[in-house]
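S.K.: With the input below, show me the fold.
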Amino acid sequence: MCFEPGLSEDQIIEDQGLLVHFLRIPRRVTSLSLLQYPRLRLARELRKLNPDIVHGHHAEAGWPYYAITSGYPAVAGIHNFLPVLMRMHRNGVLSTTRLFRVFEAYTLRNARYITVDSRHMQDLIRPETRGQISVIPNCVCDLFFAKTRHVETSQPSLAFVGIMRREKGLDTLLKALRQVKVSYRKSC
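M.R.: The predicted structure is shown next:
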């Protein structure tokens, strides 16, 4: 299920036996309702589907809050910690990030199950939650290492696109690159 502000009406798309529900959600209504319109809309749609579990991630958009207030067993995925982002970006008093921080704090206090993508993130949020935290590192598929084109260097290379912060686990990525380098040499 995805909320999509650009749609003129709800849509359901089937791909390889998987149904993806795109729910129209006006942005202004979302902000003016203090995130309650999307939460109530999602709850109504979930009652139709009756899922076994609901997963929401990215607190800066409210998804974990929606998941844990859905009334279904839920997992909250925390990929960023808003107090850190707010310090980095010096968000003003009227910033919507401050609103999302309120819902992130609620989520951390009330979620029974939380996933994070690094031990650093686990350490950041541990003081704010009694929930069970599982570290699930971002995965890298073997497909990324398939030789599909000629490379002009004998050294493997990696391009990281994103914000370089401790909670992203770049130290783990660099350790993994060393292992890939060893495997790369063996396969050449």
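S.K.: Need the mean per-residue confidence for stretch 122-129.
M.R.: Taken as a whole, stretch 122-129 has a mean pLDDT of 95.
S.K.: could I get it in PDB with only the CA atoms?
M.R.: What follows is the C-alpha trace of stretch 122-129 in PDB, where atoms were taken according to Å, rounded to 0.1, in the frame of the first residue of the first chain:
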ATOM      1  CA  GLN A 122      20.200   0.900  17.300                       C
ATOM      2  CA  ASP A 123      22.400   2.700  19.900                       C
ATOM      3  CA  LEU A 124      20.800   6.100  19.000                       C
ATOM      4  CA  ILE A 125      17.200   5.000  19.500                       C
ATOM      5  CA  ARG A 126      17.700   2.400  22.400                       C
ATOM      6  CA  PRO A 127      17.200   5.100  25.100                       C
ATOM      7  CA  GLU A 128      13.800   6.100  23.600                       C
ATOM      8  CA  THR A 129      12.200   2.700  23.300                       C
END
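S.K.: Residues contacting it, please?
M.R.: For stretch 122-129, the surrounding residues in contact (C-beta atoms under 8 Å, 6 or more residues apart in numbering) are Ile78, Phe81, Val84, Ala105, Leu108, Arg109, Ala111, Ile114, Val116, Ile133, Val135, Glu167. In this view, the C-beta of every residue, glycine as well, is placed from N, C-alpha and C.
S.K.: try 10 Å this time
M.R.: The contact list for stretch 122-129 (C-beta atoms under 10 Å, 6 or more residues apart in numbering) reads 59, 76, 78, 80-81, 83-84, 104-105, 107-112, 114-116, 118, 131, 133-135, 166-167.
S.K.: Before I go, just wanted to say thanks for your time.
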